[in-house]
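Q: have a look at this fold, sequence not included:
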């Protein structure tokens, strides 16, 4: 099965986090949104500093990794923060 590869970029540290794999962009953006809204994460504490990128594909049947020539920007964590109504 082909898994999509993603990584979060920290603009303050100027580094990417270790990549993670999901079956689709929708699953990855949901996970990123969850992190953006969890007050225990660095992503939630500094949402303007973190951006999610789709960086390639991973074939879990043969172990091959195909990086994309250009990363696909899926947005800042700040865009994923939900407004909470009281």
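A: That came through fine. Bear in mind the structure is a predicted one, so any value in this text is a computation, not a measurement.
Q: give me phi/psi at the residue most central in space within the chain?
A: Nearest residue to the geometric centre of the chain (C-alpha atoms, centre = their mean): residue 52, 3.6 Å. Main-chain torsions, residue 52, degrees, to the nearest 10: phi -90, psi 130.
Q: for it, give me its contacts.
A: Residues near residue 52 by C-beta atoms under 8 Å, 6 or more residues apart in numbering: 6, 7, 8, 28, 29, 32, 73, 74, 75, 77. Backbone N, C-alpha and C define where each C-beta goes, glycine included.
Q: report the separation between it and residue 2.
A: 19 Å (C-beta to C-beta, to the nearest Å).
Q: just the ones of the contacts of residue 52 in strands?
A: Under the assignment DSSP state E, these contribute 6, 7, 8, 73, 74, 75 to strands.
Q: what's the neighbour count on the last one?
A: Burial measure for residue 75: 15 neighbouring residues, criterion other C-beta atoms under 10 Å.
Q: who's in contact with it?
A: Per C-beta under 8 Å, 6+ apart, neighbours of residue 75: 29, 51, 52.
Q: how about the lengthiest helix in the chain: buried residues?
A: Ranked by residue count under DSSP state H, the longest helix found in the chain is helix 25-36. Neighbour counts over helix 25-36 (16 or more other C-beta atoms under 10 Å) mark 28, 29, 32, 33, 35, 36 as buried.
Q: now that helix: average pLDDT?
A: Mean pLDDT, helix 25-36: 97.
Q: helices or strands next to that helix in the packing?
A: The contact analysis (3 or more C-beta pairs under 8 Å, 6 or more residues apart in numbering; DSSP states H and E) places helix 25-36 against strand 2-10, strand 20-22, helix 42-45, strand 50-59, strand 65-76.
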